[in-house]
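Asker: quick check, what structure comes out for this input:
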Amino acid sequence: EILAVGDQNGVIGFHSLRDARFIHVINREEKESNQWINALAWSPDGAWLACARDDQTVKLLQDDGSAGQVIHMPDVNPNGVAWSPDSKQFATSAIYDSAVRIWNLDGTSGPLLQHQEHIDGTYVMLSHVIWTADGTRIIAGDYKGRILSWNADGQQLKTNMAIGGAKVVSLTELPESDEV
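Answerer: Below is the predicted model of the structure:
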């Protein structure tokens, strides 16, 4: 049971939840004022930590902190990351991208999930992203207060969920249910 903590300087600390002790820190040598850690997510199998950073990258780190793939997202600062239930892919959202991007562990990109408004020419600012535990849906919130969802094949589902126009900044799924 390891807790990963990211800060605004790009530093990630690993802490033991069992005995509340500090284990180690990574990225300290790279810290810069624009290297914020925007999101961290452990893969369901516990083998990888996806780290969405303000330097237009997602870094994959092994559970001991050693580096894996670095995915470069030109012109986009990823601010959300979520794993598929089988730990083989992960999804990223970015405020200035209007899409959820699916990535494979080897760093290659999978489907690009775009909101229909963006396809029609309107800019959509996506925030947080989740991948449902059953693997059937990928869900993101936007800055218009809407909840957007796609099926596992990348087709946008008809979504009428909204929270009254306020920016969606976080999402979570209630385990063992269809509730978001």
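Asker: pretty sure W150 contacts T136?
Answerer: No: counting by CB atoms under 8 Å, W150 does not reach T136; the two are 10.0 Å apart. The C-beta positions use only the backbone N, C-alpha and C, and glycine is treated the same way.
Asker: and these two? which has more neighbours close in?
Answerer: Neighbours were counted for W150 and for T136 using other CB atoms under 10 Å; W150 has more, 22 against 14.
Asker: now do the contacts for that one.
Answerer: Remark: with contacts taken as CB atoms under 8 Å, 6 or more residues apart in numbering, W150 is in contact with V100, L113, R137, I138, I139, Q156, L157.
Asker: at 6 Å instead, please
Answerer: By CB atoms under 6 Å, 6 or more residues apart in numbering, the contact set of W150 is L113, I138, Q156.
Asker: what is the rounded mean pLDDT of the helix or strand harbouring it?
Answerer: In this structure, W150 is located in strand 147-151 according to DSSP states H and E. For strand 147-151, mean pLDDT rounds to 87.
Asker: check stretch 169-176 too.
Answerer: 78.
Asker: quick revisit: can you pick the most crowded of the contacts of W150?
Answerer: Result: I138 is most packed of those (other CB under 10 Å), 26 neighbours.
Asker: pretty sure that one sits in a strand.
Answerer: Yes: looking at I138 with DSSP: H, G, I helix; E, B strand; the rest coil, it is inside a strand.
Asker: just the helices in the protein please.
Answerer: Applying DSSP state H to the chain gives helices spanning 116-119.
Asker: flag the least confident of the contacts of W150.
Answerer: For the contacts of W150, the pLDDT minimum is Q156, 82.
Asker: show me the beta-bridge partners of that residue.
Answerer: W150 (DSSP bridges).
Asker: mind jotting down where the strands sit in the chain?
Answerer: Under the criterion DSSP state E, strands of the chain are mapped to 2-6, 12-16, 22-26, 37-42, 48-53, 57-62, 67-72, 78-83, 89-94, 99-104, 109-114, 126-131, 137-142, 147-151.
Asker: out of those, which comes closest to A166?
Answerer: Among those, strand 137-142 comes nearest to A166, with 10.1 Å by CB to CB.
Asker: report the central residue of the protein.
Answerer: V81 (0.7 Å; CA atoms, centre = their mean).
Asker: hmm, A39 and that residue touching each other?
Answerer: Yes: between V81 and A39 a contact is recorded at 4.8 Å, counting by CB atoms under 6 Å.
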